[in-house]
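Engineer: Quick one, what's the 3D model for this:
(one chain, ligands or ions: 2)
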Amino acid sequence: METVSFTEMKQGTQADYLLLDRYEQEHTASVAERLLKALSQLRHGLAGYQIDRLQHSLQSATRAEQDGADKEWIAAALIHDIGDDLAPMNHSEFAAAIIKPYVREEVHWVVAHHGVFQMAYYAHHLGKDPDARERYRDHPFYESCVRFCERWDQPSFDPDYPTRSLEDFAPLVRDVFAKPLM
Ligand SMILES: [Fe+2]
Ligand SMILES: [Fe+2]
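Structural biologist: Numbers count the residues shown, from 1 in each chain. Ligands and ions are numbered 1, 2, ... in the order given. This next block holds a predicted model:
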């Protein structure tokens, strides 16, 4: 593989940076493949549920699809917990950062805030505030996030739900993450 001439960035020439730019474009174009690989790794994540994190993600996406949601929402449902392994303290922001360039603001906002909205279902059992999401009550995407959690995220822990496979969703992932909206 062709490489640059420099060992410090400030020594780089225009030819060096044009070369890197070309490699970067190729790398960016294959983000969908890396996302599919990262999703498949969720098989080994968080213990204790009746289904693994990959199945939860697939089930959330399947439910979104069953509801007639558009491809941006289905992609959001599919990757919303992709940060569970690497960013367990702020997994919502992790997933939101990944999807941000490819979806409209509403979808990005909902992914970014789904964690705090999900607390409505369990936080009271742990001495935490189940109404933490109420601070966003007047936000234009509040209801959208409530719906995402109620319809797709919180019910998707069912081992008996007919859930589609990662292979089924691969074309949609390649489509949504093909190129940034801006
Ligand atoms: Fe989550
Ligand atoms: Fe989830």
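
Engineer: Closest to the centroid, which residue in the protein?
Structural biologist: By CA atoms, centre = their mean, the chain has its centre lying nearest to Ile79, at 2.9 Å.

Engineer: Let me see the contact set for the nearest residue to Asp67 once chain neighbours are set aside.
Structural biologist: Of all residues not flanking Asp67 in the chain, Arg151 sits nearest, at 6.1 Å (CB to CB, 6 or more residues apart in numbering). Glycine gets a C-beta too; all of them are placed from N, C-alpha and C. Under the criterion of CB atoms under 8 Å, 6 or more residues apart in numbering, the neighbours of Arg151 are Arg63, Ala64, Asp67.

Engineer: Restricted to helices, list those.
Structural biologist: Members of the contacts of Arg151 lying in helices (criterion: DSSP state H): Arg63, Ala64.

Engineer: Most neighbours among the contacts of Arg151, which one is it?
Structural biologist: Among the contacts of Arg151, Ala64 has the most neighbours (other CB atoms under 10 Å), with 24 neighbours.

Engineer: That residue contacts Ala77, correct?
Structural biologist: Yes - the criterion here is CB atoms under 8 Å, and Ala64 meets it with Ala77 at 4.2 Å.

Engineer: ok, the residue nearest to the centre of the chain to Thr13 distance?
Structural biologist: Distance check for Ile79 against Thr13: by CB to CB, to the nearest Å, it reads 38 Å.

Engineer: Could you tell me how many residues sit around Asp131?
Structural biologist: Neighbour count for Asp131, taken as other CB under 10 Å: 11.

Engineer: Now do the SS call for the closest residue to it other than its chain neighbours.
Structural biologist: Nearest non-adjacent residue to Asp131, counting by CB to CB, 6+ apart: Ala120, 7.1 Å away. Using DSSP: H, G, I helix; E, B strand; the rest coil, the structure places Ala120 in helix.

Engineer: Touching, Ala120 and Glu134? I think so.
Structural biologist: No - under the criterion of CB under 8 Å, Ala120 is not in contact with Glu134, lying 9.1 Å apart.

Engineer: Sweet, I'm off.
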